[in-house]
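# Here is my input; please provide its structure:
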Amino acid sequence: MAGEAARRLQALGLVLPPRRPPTAHYAHARRVGDLLYVSGQDPEFPDGSTGRGRLGAGMSVEEGYLQARQVGLTLLAAMQEALGDLDRIAEVVKVLGMVNATPDFTEHPRVIDGCSDLFVAVFGERGRHARSAVGMSSLPDGIPVEIEAVVTVTPEG
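Purely as a prediction, here's the structure:
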């Protein structure tokens, strides 16, 4: 990993988690023209662990924010794997954030801000994106947050 995005991550003291192979017949990311579609990712940590929990049932908004930031790092790792260099990302177009939450939980946007804030910190204005933040009655394996993204990619060269 090289370039401005890598320097910003390093300055923030953040490390991309290692990528695990997909668990079924899908790809972490799929490029179509100048768009890169990144599959929903979970909060994977550098030590190989994955976040667990539910917002409104023992997990605070602040903890959810940190989990969403970690999902953002996992998304960046998938982008890095697909493109070879995060500086090839022209802009983040769209983010869909899904929050594992109780029916009475209403702070979904504040949780997904963890990912959105990370993208702006890494890419500046190129990281500002359209976004949806929704609640789910459950997510795979009890993860607290799953996020997918669409980004535009600069040509190689």
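
# Okay, residue 84 and residue 70: tell me how far apart.
22 Å (C-beta to C-beta, to the nearest Å). Just so you know, the C-beta spots here come from the backbone N, C-alpha and C atoms, and that holds for glycine as well.

# Give me the more crowded residue out of those two.
residue 70 (25 against 12; other C-beta atoms under 10 Å).

# That one: what's its closest spatial neighbour, skipping adjacent residues?
Spatial nearest neighbour of residue 70, excluding adjacent residues (C-beta to C-beta, 6 or more residues apart in numbering): residue 43 at 3.9 Å.

# Kindly export the strand ranked longest in the chain (C-alpha atoms) in PDB.
Scanning the chain for the strand with the most residues, using DSSP state E, yields strand 89-100. The C-alpha trace of strand 89-100 is given here as PDB (Å, rounded to 0.1, in the frame of the first residue of the first chain):
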ATOM      1  CA  ILE A  89     -10.300   5.500  -5.900                       C
ATOM      2  CA  ALA A  90     -11.600   8.700  -7.600                       C
ATOM      3  CA  GLU A  91     -14.500   9.100  -5.100                       C
ATOM      4  CA  VAL A  92     -16.700   7.200  -2.800                       C
ATOM      5  CA  VAL A  93     -20.200   7.300  -4.400                       C
ATOM      6  CA  LYS A  94     -22.600   5.400  -2.100                       C
ATOM      7  CA  VAL A  95     -22.500   3.600   1.200                       C
ATOM      8  CA  LEU A  96     -25.300   1.300   2.600                       C
ATOM      9  CA  GLY A  97     -24.900   0.700   6.300                       C
ATOM     10  CA  MET A  98     -26.900  -2.000   8.000                       C
ATOM     11  CA  VAL A  99     -27.100  -2.000  11.800                       C
ATOM     12  CA  ASN A 100     -28.100  -5.000  13.900                       C
END
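
# strands paired with that strand, and their directions?
strand 130-136 (parallel), strand 145-153 (antiparallel) (DSSP bridges).

# Average pLDDT for the shortest one, rounded please.
Per-residue pLDDT values over strand 130-136 give a mean of 98.
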